[in-house]
Every structure is written in C-alpha cells, then in structure tokens.
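Participant: Need the 3D shape of this:
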Amino acid sequence: MPGAFGPGASRAPRGTRPPLTPADQAHHNNPNPSTYTGPDLRWAPRIHTALAPVRHELGAVRRFVLRRIAREIGRQLDTGISPERMAARIQALYGHISPADIRDTGAWLLAVGITARGCGVPSCEDGTEWPTGRPCETCAHQRQVTTAWWRQARYWETRLQELRAQRPAPTPAPVPDRPDGEEPDTGGRAPGAAGPVLPPKKTYRQRDRASDAEILAAAAEHGPAVALHLYGHLRTLPLLRRHTHPDTGTDRRTPDAQ
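Facilitator: From the prediction side, this is the model:
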C-alpha cells in the first residue's frame, strides 16, 4: 500500500530533526548520564549548621536525596526547633554507631538521624528535655505505665496457664444397677469425672463477630484470663489495654485485676 510506512502527522521525516542546543549536546556527550550536571546545591545557613556532625559524609549523597533532607530539616526548623538542637540530635545518634555501619548516609539521615523521637512534648528530645538534658517526666510516666501493663499481662497469662493445667480429680460416684446389664450413659466420660474448668473456646468466626462490649463483659464477669482463653490474645489484649487504669496498669472492673 503506498504511504503505509511513511511518517505520521505527528512525526517528522528522518533527517529533519532540529539541531541540538549546546546544553543538550553536552548532556548527549556525557559518558556518565547519572552524573549531576545542574547547578551546585547551596545550603541555607541553618541547614548548614544542622548538618554539621555529618557534613563530611555528604559528598557521596545524591543531590535529590540532599534536597529531601534539606526540606525535612527545614520543615522541622519551621516548627521551632533550633539548628543547634537538630545538630545535637544527629550527633547523639551518629556518635553511638560506627560510620562503617552506615551504608547510605542519606537514607540513614532520613530514617534515623533527623527523625524526631520522644513523647510529643515540644521540649522532649528522645526522653530528655532540651536544652537542660533532664529526664522528661512524661516519658518516665509512660515507661512506668508500659511496665505496669506488661506486668499485668504476664500475670493474666500465668493465671490462664494455671487454669488450663487444673484438672479436678474425679470423684467416685455410685453407678445404679441397670436392667439386663445395660451400661449407664456417661456422655463418653468416666463415671464421676468432672467437666473442664474453662469454658470452650470461641471459634474464629465467633471471635470476629464478637463486639468489644461482649469481650469486656466476659472479662468483667469471669476475669481477663478467661477472656483471653475465650477470644484469644490478639482480640482481647488490645481491649484490655485501652480500658486499663492509666496509673497502675490495672482494670478495676475485672476480678483478676489485682
């Protein structure tokens, strides 16, 4: 078909492309296309101060990553953090590891070095107050609450294992005489054997359909250990923690709280 393989309306015929500009020609002749050929990256004075502890490590970091680091540092500095505080944060983390352990300085800064840690109080810097260095009271209180909670959770787990290990001794019961030698119906158990201490576990479908109020009601009626047995740890522990006393780590409504 004539013209079937000719240039389309949006494609110029071969040999008629416009000449390359000097900038395009330099990029075309660059033997290493990944090398940055744009303008030099210039730090703002506050960014320069904040990155002082690791400034000697930034030579091999890509310009794109450096711009991300600068934007994140600038965002935090705009909230009221001083450049000296950011530098102290980086130095505190950088001084506890070996530089050889950091394979990518840029990624380490974004994920670890410049990431704020603490309880959310503006003066808290990873458990200490800036710039005094005194322990943060809010962080200390949260650690006490967390310790009390895990102590309580371990107690409930121990109590659950004790309940599961309890097997009441069977009590002998008289067997009445049956006509024609017929055996009595014991439901598959030995005569006089007691039933299980714990109720049967809920099925997975029942656990999924159970409401928070139902689980908390079971914990209040039978104890948290029995609720763990019925509904499982993943379903019950988060509810118990949200309804735990904030100071002592115990729930006053449950009989096994203390």
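Participant: which stretches of this protein form helices?
Facilitator: Along the chain, counting by DSSP state H, helices occupy 22-28, 45-50, 63-78, 83-94, 105-108, 137-165, 204-209, 212-222, 224-231, 233-242.
Participant: packing partners for the shortest one?
Facilitator: Packing partners of helix 105-108 (3 or more CB pairs under 8 Å, 6 or more residues apart in numbering; DSSP states H and E): helix 63-78. Glycine gets a C-beta too; all of them are placed from N, C-alpha and C.
Participant: Residues in contact with the helix it packs on: which ones?
Facilitator: 36, 38, 41, 43-44, 46-47, 50-51, 58, 61, 83, 86, 106-107, 109-110, 114, 116 (CB atoms under 8 Å, 6 or more residues apart in numbering).
Participant: Could you rerun that using 6 Å?
Facilitator: Residues outside helix 63-78 that contact it (CB atoms under 6 Å, 6 or more residues apart in numbering): 36, 41, 46-47, 50, 106, 109, 114.
Participant: And stretch 97-108, by the same measure?
Facilitator: By CB under 6 Å, 6+ apart, stretch 97-108 touches 57, 61, 65.
Participant: buried stuff in that stretch?
Facilitator: Of the residues in stretch 97-108, 102, 105-106, 108 count as buried by neighbour count, 16 or more other CB atoms under 10 Å.
Participant: now the end-to-end length of it.
Facilitator: 12 Å (CA to CA, to the nearest Å).
Participant: surely Val197 meets Glu162?
Facilitator: No. Judged on CB atoms under 6 Å, Val197 makes no contact with Glu162 at a distance of 9.6 Å.
Participant: Of the two, give the one with the bigger neighbour count.
Facilitator: Val197 (14 against 11; other CB atoms under 10 Å).
Participant: Which residue, other than its chain neighbours, is closest to the more buried one?
Facilitator: Gln166 (4.9 Å; CB to CB, 6 or more residues apart in numbering).
Participant: Ala153 versus the one you found, what's the distance?
Facilitator: Distance of Gln166 to Ala153, given as CB to CB, to the nearest Å: 21 Å.
Participant: Give me the distance between the residue nearest to Val197 and Ala44.
Facilitator: 69 Å.
Participant: now do Ile114
Facilitator: 15 Å.
Participant: These two: which is more packed in?
Facilitator: Each of Ile114 and Ala44 has its neighbours counted (other CB under 10 Å); Ile114 has more, 20 against 13.
Participant: Alright, I will stop here.
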